[in-house]
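Peer 1: From the sequence below, what's the structure:
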Amino acid sequence: MNEIKKAAVIFSGGQDSTTCLFLAIQEFGVENVEVITFQYGQRHAIELEKAAWIAQDLGVKQTLIDTSVIKSITTNALMDSSATIKQEGDKPNTFVDGRNALFLLYAAIYAKSQNIHTIFTGVCETDFSGYPDCRDVFIKSMNVTLNLAMDYNFNIRTPLMYLTKKETWKLADDLGAFEYIKNHTHTCYLGVEGGCHTCPSCVLREKGLNEYLQERDNV
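Peer 2: All right, here's what the predicted structure looks like:
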């Protein structure tokens, strides 16, 4: 009897993770895909509501993991609602030290318990705001570390790694999910419904969207 192949998606309810979710559903089937969402004290907690709604709407199992303990050991503008979001050196002050390492570790622990080998994450090295834990070299090293740590064959998939935001919008369109992702996902760091249009995340999303629409309309 062949083993049923399943996948887990690290899922925030944003553009990138929702694109990964549609990719996973296309490949594995909706009944074999789960999402893992993290509550880490983010100021844009509205994304948790969006993630729960999308998971329910698409009919995929969602597991919510509380990692807000990270607030006791680090601070940044993404978890401090009184802080002004701004660029500091080569990256914005929204970078959360260790966040993606923590997410991948907990996602892997859960995945192994469910006999899941494939984990999707929407990190991207092209439009990544300078976050070091979105780089391909980090993901590959983490994949090796998790395999060794748990003696288990994880396959961490990063389908958006080398795509620009414009290309990610095109991928969503190719998947038949363009309008869904445009209308139902949340990206704004300030937690503004529909986007604030000024934070780094909104600017990146909207720039890519406008570039893609301009290209599509001119074809």
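Peer 1: Paired strands for the lowest-mean-pLDDT helix or strand in the chain, with orientation please.
Peer 2: Of all the helices and strands that make up the chain, strand 87-88 has the lowest average by mean pLDDT, DSSP states H and E, namely a mean of 73. Strand 87-88 pairs in its sheet with strand 91-92 (antiparallel), by DSSP bridges.
Peer 1: contacts for the strand it pairs with?
Peer 2: Outside strand 91-92, the residues that touch it by CB atoms under 8 Å, 6 or more residues apart in numbering are 77, 85-86, 129-132, 200. Any C-beta I mention is one placed from the backbone N, CA and C, and that applies to glycine too.
Peer 1: Tabulate the residues you listed in a markdown table, adding columns for pLDDT and distance to Glu193.
Peer 2: Listed next are those as a markdown table, based on pLDDT from 0 to 100; distance: CB to CB, whole Å:
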| residue | pLDDT | distance to Glu193 |
| --- | --- | --- |
| Ala77 | 71 | 20 |
| Ile85 | 78 | 17 |
| Lys86 | 78 | 23 |
| Ser129 | 67 | 22 |
| Gly130 | 77 | 27 |
| Tyr131 | 84 | 25 |
| Pro132 | 89 | 30 |
| Pro200 | 84 | 18 |
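Peer 1: Could I get those residues in JSON lines, plus columns for distance to Thr164?
Peer 2: As requested, those are exported to JSON lines (distance: CB to CB, whole Å):
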{"residue": "Ala77", "distance to Thr164": "24"}
{"residue": "Ile85", "distance to Thr164": "22"}
{"residue": "Lys86", "distance to Thr164": "23"}
{"residue": "Ser129", "distance to Thr164": "13"}
{"residue": "Gly130", "distance to Thr164": "15"}
{"residue": "Tyr131", "distance to Thr164": "16"}
{"residue": "Pro132", "distance to Thr164": "19"}
{"residue": "Pro200", "distance to Thr164": "15"}
